[in-house]
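Chemist: Okay, here's the prediction I keep looking at, along with the sequence it came from:
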Amino acid sequence: MANKNKKAAALGTRRLRVRKKITGTAERPRLSVRRSLKHIYAQVIDDGTGTTLAEASTVSAKVSGNGVAAAKEVGKALAERAKAKSIGRVTFDRGGRQYHGRVKALAEGAREGGLEF
């Protein structure tokens, strides 16, 4: 059990380190990614006002599965919703996770959908 707490603490430390450097503005909001064992969630956030401008997840996009293919579909759905609100450029916040696997697939799907990082 102690090992799990160390991993959670390390993830929290990495998340804060990344958030110290990345902020979203009205011109270039932050694309935040959160990953769980079953689902992947993504939001486009304006940190100046503290509002979520667009969101997508494997739950809301009705995507089956939880792998790389599902994450790519979530990225495309998010890009579509962001484009509908005339958002073209974002800053990518990987949430302390490695840019690998599902996080990378979501970013690639968002790029294919038309978002620019």
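Modeler: Thanks, I have it.

Chemist: Okay, buried residues for stretch 61-72 please.
Modeler: Ala61, Val63, Asn66, Val68, Ala70, Ala71, Lys72 (16 or more other C-beta atoms under 10 Å). In this view, the C-beta of every residue, glycine as well, is placed from N, C-alpha and C.

Chemist: if I pick the second one, what's in contact with it?
Modeler: If I follow you right, that is Val63. Ala70, Glu73, Val74, Ala77 (C-beta atoms under 8 Å, 6 or more residues apart in numbering).

Chemist: can you tell me how far the second one sits from Ile87?
Modeler: When distances are taken as C-beta to C-beta, to the nearest Å, Glu73 and Ile87 turn out to be 19 Å apart.

Chemist: Check the third one too.
Modeler: In this structure, Val74 lies at 16 Å from Ile87, with C-beta to C-beta as the measure.

Chemist: Comparing these two, which residue is more hemmed in?
Modeler: Ranked by neighbour count (other C-beta atoms under 10 Å), Val74 and Ile87 place Val74 first, with 28 against 23.

Chemist: thought that one was touching Leu106?
Modeler: Yes: if you go by C-beta atoms under 8 Å, Val74 and Leu106 touch, sitting 5.7 Å apart.

Chemist: neighbours around the nearest residue to His39 once chain neighbours are set aside, how many?
Modeler: Closest residue to His39 apart from its sequence neighbours, by C-beta to C-beta, 6 or more residues apart in numbering: Thr58 at 4.5 Å. As a burial measure, Thr58 scores 23 neighbours (other C-beta under 10 Å).

Chemist: Phi, psi for Thr58 please.
Modeler: When read as degrees, to the nearest 10, the backbone of Thr58 gives phi -70, psi -20.

Chemist: In contact with it, which residues?
Modeler: Thr58 neighbours (C-beta under 8 Å, 6+ apart): Lys38, His39, Ile40, Tyr41, Gly65, Asn66, Ala70, Ala71, Val74.

Chemist: Tell me which of these fall in strands.
Modeler: If you go by DSSP state E, those have Ile40, Tyr41 in strands.
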